[in-house]
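Trainee: what shape does this take:
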Amino acid sequence: QVQLVESGGDLVHPGQSLRLSCAADRSILMPNTMGWYRQAPGKERERVATITSGGFTDYVDSVKGRFTISREQTEVKMYLDMTDLKPEDTAVYYCHLKIGRVYSYWGQGTQVTVSS
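Mentor: Next comes the predicted model:
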């Protein structure tokens, strides 16, 4: 079992920036993919961005050019730098870790609210 802990969620104004962090409670030696997902009220959870242990990244179209996902090389830590935030970015953001094809872990979520 792997525990993931997110932090960094906050209430911000449109156009402002925010950094989310996610840390696992142990090292992972196998190739893995970490990602950020979000779920707004009344909507399904959607993938925001993913990054493999090799550094390959992928983003949903709505955040391209505004969000940047990154991770540490030596520890299982991941970040999401969000700029030019919009009200439609308001959601609970979840950290996800996938190891191989079988193991999948979620964090508890952190709230991001973008409002004037």
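
Trainee: let me see the ranges of the strands in this protein.
Mentor: 4-7, 11-12, 18-24, 32-39, 46-52, 57-59, 67-71, 77-82, 91-99, 103-106, 110-114 (DSSP state E).

Trainee: now tabulate the ones you listed in TSV and tack on mean pLDDT and mean neighbour count.
Mentor: C-beta here means a position set from N, CA and C on the backbone, and glycine is covered the same way. As requested, those are exported to TSV (pLDDT from 0 to 100; neighbours: other CB atoms under 10 Å):
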stretch	mean pLDDT	mean neighbour count
strand 4-7	95	17
strand 11-12	98	15
strand 18-24	96	19
strand 32-39	96	21
strand 46-52	96	18
strand 57-59	98	15
strand 67-71	97	18
strand 77-82	96	21
strand 91-99	96	20
strand 103-106	94	14
strand 110-114	98	18
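
Trainee: look up how far residue 56 lies from residue 28.
Mentor: Separation of residue 28 from residue 56 (CB to CB, to the nearest Å) stands at 16 Å.

Trainee: ok, the nearest residue to residue 43 once chain neighbours are set aside - contacts?
Mentor: In space, and not counting its chain neighbours, residue 43 is closest to residue 91: 7.9 Å by CB to CB, 6 or more residues apart in numbering. When contacts are counted by CB atoms under 8 Å, 6 or more residues apart in numbering, residue 91 is found next to 38, 39, 40, 43, 111, 112.

Trainee: ok, what's across the strand from the first one?
Mentor: Following DSSP bridges, residue 38 is listed with bridge partners residue 46, residue 93.

Trainee: pretty sure it contacts residue 45?
Mentor: Yes - with contact defined as CB atoms under 8 Å, residue 38 counts as touching residue 45 (7.0 Å).

Trainee: perfect, that will be all.
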